[in-house]
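>>> my questions concern the predicted model and sequence given below.
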Amino acid sequence: MIDPTDAPVTFANLFFTVIAFAEALQDHGVTAGNLVSVHVGDPIAGVALKLALLRIGATAIGPVPREGRGGALGIDWHLVVAGGDIPGPREIPVGRDWIRSPRRGVPIQPGGAMVRMTSGTTGTPKLRLISDAGLLARALRGQELRGSLDGPVFIGYAPGSSPFFNYMARAVLSGVLQLHPGRDDAANLRAMAAQGVTTALLSPWNFRRLLAAVEAGAPPPASLRRILVGGGEVAPAFAARAEALFGAEVVLCYGSNETGSIAHARPAERPDLPGRVGEPYPDFGYRFTDDSGAAADPATGGELWLRVPPEIRVTDYPSGRSLTDAEGWVATGDICRRLGDGALQFLGRRAEFLNIGGNKRAPQWFEAALQGQPGVADVAAFRLPDPGGGDIAGLAVVPGPGFDAGLLTAQLAERLGPRYLFRLLAVDAIPVTAAGKTDRARLSQAFHPKDPPDPRPEPAIHKEP
């Protein structure tokens, strides 16, 4: 890894730091079975602390409110950055004095685990518990199914997120250098070029930002061969633009906290099939159900159910409830169908479907009508309430060169027909969640008709005649 001072952190450095952190945690009273919230944002220190907690058999969770002893979750300890507020009785300040040579061996204790939070794009985020064995199994499985990391990588995810930890683990297991993003995208591209990065592992948000930086004139790293995007959709038009500019393949990775990696595909290969995510990995069983729960025709599609391998299953936290049934099946909440070549086409999240005059459509269906059009740098569809009942499709567009709201509205009205009400709005950027996914709920809240913004240009609404 490269730390914030541009100094290299070798595997040996990381390993001994983990041991030293494990010592310090034990000296402060942290024991096996404790639930510990990590508030340290530095990616390398945060990862080392989580690995140290796993080593001593504790359970690591991301930052949760520090008031009291831990609230409903019953947090035993909070790890906070030294030098801030005066620590409370259950708070442990972590400072630079923790970075030292280990003084004793710290054997691995069984029972280590991590509590992860889902993205919350379709409602309140949920907590999922995964064991240390499950974390390792998922990392090794990713190596096998998506290919080994054979050169330096750039991990463009939030440091506290599940994908960041997963890819960090894969990079360590592969023995390759890993870079973490700074705030300046052009500087990130220069760092990638200087270190010879061959694979970029990106959230949709970081993918869009790096693509915009290159389109604005920043040179792409000549060493880059693959861009893997996970946690959201990648329109074929965007993927094709990125491949042309970067000279690298763009691969969409499909998965979830509950199931791990499900499939992957190259969107630019089938521009006629937006949402194509590839054939499910062979260790999954899968089937589809309709709205009533009955079996659905795979070609028509319905909600995707997966039979998850036992070694990568997670449980609900803190209830401990299994997320799968007795046979290992779990409902993903995703609406998909099976294509003729065996690949899945992702049609949308069940909870995000818009009901417009009784016609139910996923946001991605509306987005596909604008993606790749002149003047559209980015687009996200979201729900707006229709005063007459049901929904209106909100379409937030990031203007590009040649943006013409009136022309786009007319073209979209002709393409969608009179049955689909929509509202076109220009925005500076598409909001995203901490995991880098499109934050449709935030868009709905921002553009609710009860509290309209002052958009530029004036939003156009197509109404049924």
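Cool, got the structure.

>>> top helix in the protein by residue count?
Counting residues, the longest helix found in the chain (DSSP state H) is helix 11-27.

>>> on contacts alone, who are the packing partners of it?
Other helices and strands packing on helix 11-27, by 3 or more CB pairs under 8 Å, 6 or more residues apart in numbering; DSSP states H and E, are helix 43-55. Where C-beta positions appear, they are placed from N, C-alpha and C, glycine not excepted.

>>> and if we set it to 10 Å?
Taking 3 or more CB pairs under 10 Å, 6 or more residues apart in numbering; DSSP states H and E as contact, the helices and strands that helix 11-27 lies on are helix 43-55, strand 77-81, strand 91-94, helix 162-174.

>>> deepest of these, which one?
Of all those, helix 43-55 carries the top mean neighbour count, a mean of 24, counting by mean count of other CB atoms under 10 Å.

>>> quick one, it and helix 162-174 angle?
An angle of 80 degrees separates the directions of helix 43-55 and helix 162-174 when computed by axes from the mean of the first three to the mean of the last three CA atoms, to 10 degrees.

>>> and helix 43-55, average pLDDT?
Helix 43-55 shows a mean pLDDT of 95 in the predicted model.

>>> tell me which strands the helix or strand following that helix pairs with, and in which orientation.
Where DSSP states H and E defines the elements, the next helix or strand beyond helix 43-55 is strand 59-61. Taking DSSP bridges as the criterion, strand 59-61 forms sheet pairs with strand 35-38 (parallel), strand 113-117 (parallel).

>>> mind putting the ones you listed into CSV with mean neighbour count, distance to Gly217 and mean pLDDT?
Compiled in CSV, those are given as follows (neighbours: other CB atoms under 10 Å; distance: least, CB to CB, whole Å; pLDDT from 0 to 100):
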stretch, mean neighbour count, distance to Gly217, mean pLDDT
strand 35-38, 23, 38, 96
strand 113-117, 22, 37, 92
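
>>> ok, which of the helices and strands packed on helix 11-27 comes nearest Pro298?
Taking CB to CB as the criterion, helix 162-174 is the member of the helices and strands packed on helix 11-27 that comes nearest to Pro298, at 28.4 Å.

>>> residues in contact with the nearest residue to Trp98 once chain neighbours are set aside?
Using CB to CB, 6 or more residues apart in numbering and skipping the chain neighbours, the partner closest in space to Trp98 is Ala24 (5.1 Å). Contact criterion CB atoms under 10 Å, 6 or more residues apart in numbering gives 30, 49, 52, 79, 92, 94-95, 97-100, 102-103 as the residues in contact with Ala24.

>>> and the gap between Ala24 and Gly95?
Separation of Ala24 from Gly95 (CB to CB, to the nearest Å): 10 Å.

>>> same check, this time on Val153
With distances defined as CB to CB, the gap from Val153 to Gly95 amounts to 30 Å.

>>> neighbour count winner among those two?
Ranked by neighbour count (other CB atoms under 10 Å), Val153 and Gly95 place Val153 first, with 25 against 10.

>>> ranges for the helices of the chain?
Listed in chain order, the helices of the chain (DSSP H) span residues 11-27, 43-55, 132-146, 162-174, 185-195, 204-215, 236-246, 363-368, 405-416, 440-446.

>>> for the fourth one, give the mean pLDDT please.
Per-residue pLDDT values over helix 162-174 give a mean of 91.

>>> and the angle from it to helix 132-146?
If you take the same axes, to 10 degrees, helix 162-174 sits at 80 degrees to helix 132-146.

>>> next one: helix 162-174 to chain centre, how far?
14 Å (CA atoms, centre = their mean, to the nearest Å).

>>> domains of this protein?
The record assigns the chain these domain ranges, following automatic domain parsing: 11-111, 129-349, 353-462.

>>> end-to-end on the first one?
With CA to CA, to the nearest Å as the measure, the ends of domain 11-111 fall 24 Å from one another.

>>> point me to the residue sitting closest to the centre of the chain.
Gly231 (3.6 Å; CA atoms, centre = their mean).

>>> listing request: residues of the stretch 301-450 of the chain with sub-threshold pLDDT.
435, 449-450 (pLDDT under 70).

>>> where along it do the strands fall?
Using DSSP state E, counting those that start in this stretch, the strands found in the stretch 301-450 of the chain span residues 302-307, 315-316, 329-338, 344-349, 354-356, 359-361, 376-385, 391-399, 422-426.

>>> need those in a markdown table (columns: mean neighbour count).
What follows is these, written out as a markdown table (neighbours: other CB atoms under 10 Å):
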| stretch | mean neighbour count |
| --- | --- |
| strand 302-307 | 21 |
| strand 315-316 | 16 |
| strand 329-338 | 19 |
| strand 344-349 | 21 |
| strand 354-356 | 20 |
| strand 359-361 | 15 |
| strand 376-385 | 22 |
| strand 391-399 | 23 |
| strand 422-426 | 21 |
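
>>> for Val18, which of those strands is the nearest?
strand 315-316 (25.5 Å).
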